[in-house]
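Chemist: Provide a 3D model corresponding to the input given below.
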Amino acid sequence: MISVLVIDDHAVVRSGLRDLLDSASDISVAATAADGAEALDLVREHNPDVVLMDISMPGVGGIEATRRICSDGQSAHVVILTSFSDRERILDALDAGALGYLLKDAEPEEILRGVRAASRGEAPLAPKAALALIKDRVGAPEAKALTEREREVLTLVGQGLSNKVIAQRLSISEKTVKAHLTRVFRSIGVTDRTQAALWAQRHDV
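Modeler: Numbers count the residues shown, from 1 in each chain. Now for the predicted structure:
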């Protein structure tokens, strides 16, 4: 029997998930909770196979709760179940230790399959989440199209340096720095230096 915890701040969602999971002959809901702060205590108490974790909750959110569960050395596999399918949340959740990422608009059978897969140590990913990850990984080689100087500029932007400081560091003019950044933005698909800095940090440029 697959033991599951359901962590979600909406009572209707918790009730619906409990009914769905308990309707399966091989799955049992050990407990539910309304926020991430309770999650770790429940994991320690019940030692579940799978934790279905919402992301957006008051107090301790799902990503932080996931990080705490995974860093605590628990054997439970955390699967995010949320309505958000943007790349940053997906990557943050997986970086925190989540094994899978499902969406609340999924068909009931998809959620059941996801729980079963996670219990086997497999990584259930909603199609939208998988597509977002693929796009992120496909984007990484774009750095290879940059010249050595453009990579240097992007690295310094990632370190939070201003155009003036970058110009001084590389012994070039601020106008040249701006010209490099224009091409860098176009090459990596961002529109401003904040996005460029995040991209550089994400891809270890």
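Chemist: okay, CA-based contacts and neighbour counts for the rest of this
Modeler: OK.
Chemist: So for the lengthiest helix in the chain, what gets flagged as buried?
Modeler: Using DSSP state H to define each element, the chain has its longest helix at helix 174-188. Buried residues in helix 174-188, counted by 16 or more other Cα atoms under 10 Å: 174, 177, 180-182, 184-185, 188.
Chemist: before we move on, what about stretch 53-63?
Modeler: Of all the residues in stretch 53-63, those buried under the rule 16+ other Cα under 10 Å are 53-57, 60-63.
Chemist: From those residues, which land in helices?
Modeler: Among these, the ones falling in helices (DSSP H) are 62-63.
Chemist: I'd like the buried residues of stretch 53-63 as JSON lines, with pLDDT and distance to residue 85 appended.
Modeler: Below are these laid out as JSON lines (pLDDT from 0 to 100; distance: Cα to Cα, whole Å):
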{"residue": "53", "pLDDT": "97", "distance to residue 85": "14"}
{"residue": "54", "pLDDT": "97", "distance to residue 85": "12"}
{"residue": "55", "pLDDT": "95", "distance to residue 85": "11"}
{"residue": "56", "pLDDT": "92", "distance to residue 85": "12"}
{"residue": "57", "pLDDT": "93", "distance to residue 85": "16"}
{"residue": "60", "pLDDT": "92", "distance to residue 85": "20"}
{"residue": "61", "pLDDT": "93", "distance to residue 85": "16"}
{"residue": "62", "pLDDT": "95", "distance to residue 85": "14"}
{"residue": "63", "pLDDT": "94", "distance to residue 85": "14"}
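Chemist: how close does residue 197 get to residue 156?
Modeler: Residue 197 sits 8 Å away from residue 156, going by Cα to Cα, to the nearest Å.
Chemist: What segments of this structure are helices?
Modeler: Ranges of helices in the chain, per DSSP H, are 11-22, 36-46, 62-71, 87-96, 108-119, 127-139, 148-158, 163-170, 174-188, 193-202.
Chemist: Mind giving me the packing neighbours of the longest helix of the chain?
Modeler: Under the contact definition 3 or more Cα pairs under 8 Å, 6 or more residues apart in numbering; DSSP states H and E, helix 174-188 sits against helix 148-158, helix 163-170, helix 193-202.
Chemist: Which among these is found nearest to residue 68?
Modeler: Residue 68 lies closest to helix 193-202 among the helices and strands packed on helix 174-188, at 22.0 Å (Cα to Cα).
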